[in-house]
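[1] here are the coordinates; sequence isn't available:
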Ligand code: B12
């Protein structure tokens, strides 16, 4: 709808401007209009954050501004994630999600966690900057079906490979299904390191994790 388009644009602009008041207002409007929170995130706020990333990469925006934009983004994803989690169903499987060690990016991970919960998965969010040993200990403690990791930096993606190697070394590789995600991560990377799956975004994440759990039997 035309009005929704205008709201998506306002959402993106509020993120680029790092304007918390405007962003909260837009998020509240979206909730009141009952726009699907995932659509609002993807077409509005995430579009804005991607623009912020591009400006930062081109040197047109600096770290303090990037941090400000990210804080505004965290605030609105919190508001919209709460709306995503509203519908609860029976357990569809247990999933552990973490951002790997050295990596503080957790906005995307948070969206994946919320959408999985909304689809009835039992999700344990291990947080960000999580060492591999902690990921494995938590997976063992909670007896999860799937371990999902997020990496947003080319310098931290290697931890996803280290996780595969460490699971194998401990004789645990066949016990868990693994899925990897994050902006620099690709299907090819997943295959190369021996992960079971890759997902480009939260929607695809829910789909592939459902398939992985089915294939576990
Ligand atoms: C916001 C942001 C920050 C924030 C993070 C705040 C937070 N709490 O998350 C702050 C300001 C802290 C930050 C810091 C840094 N950042 Co930064 N950041 C970004 C930015 C702009 C957006 C990331 C984001 O949240 N995107 C929106 C979410 C929704 O998308 P997403 O994370 O990709 O997640 C989706 C999918 O990937 C997928 N997914 C993600 N994980 C998983 C996991 C699973 C299991 C599944 C199934 C799916 C899945 O689903 C998600 C939802 O659809 C990106 C640019 C970009 N376009 O990616 C740079 C970017 C990632 N940052 C970058 C850099 C360089 C840094 C710093 C090193 C800057 C510095 N000089 O200090 C630091 C590093 C800090 C650290 N050690 O981690 C670079 C990385 C370059 C590289 N090649 O590695 C980027 C690409 C910017 C750029 N173009 O230069 N950053």
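    The structure has been received and is ready for your questions. Keep in mind that this is a model prediction, so the values were computed, not measured. Numbering: from 1, shown residues only.

[2] any idea which element residue 9 lies in?
    helix 2-17 (DSSP states H and E).

[3] next one: that helix to chain centre, how far?
    How far helix 2-17 lies from its chain's middle: 21 Å, per CA atoms, centre = their mean, to the nearest Å.

[4] tell me the buried residues in that helix?
    4, 7, 8, 10, 11, 12, 13, 14, 15, 16, 17 (16 or more other CB atoms under 10 Å). For every residue, glycine as well, the C-beta is placed using N, CA and C.

[5] burial of residue 21, as a residue count?
    Neighbours of residue 21 under the rule other CB atoms under 10 Å: 9.

[6] can you tell me the closest non-neighbouring residue to residue 118?
    residue 84 (4.9 Å; CB to CB, 6 or more residues apart in numbering).

[7] and that neighbour, what does it touch?
    37, 38, 111, 114, 115, 117, 118 (CB atoms under 8 Å, 6 or more residues apart in numbering).

[8] do residue 10 as well
    Neighbours of residue 10 in contact, by CB under 8 Å, 6+ apart: 22, 26, 44.

[9] residues from this protein in reach of the ligand?
    46, 49-50, 52-53, 56-57, 63, 66-67, 70, 74, 97, 102-109, 111-112, 148-150, 152-154, 179, 181-184, 199, 201-202, 205 (CB under 6 Å from any ligand atom).
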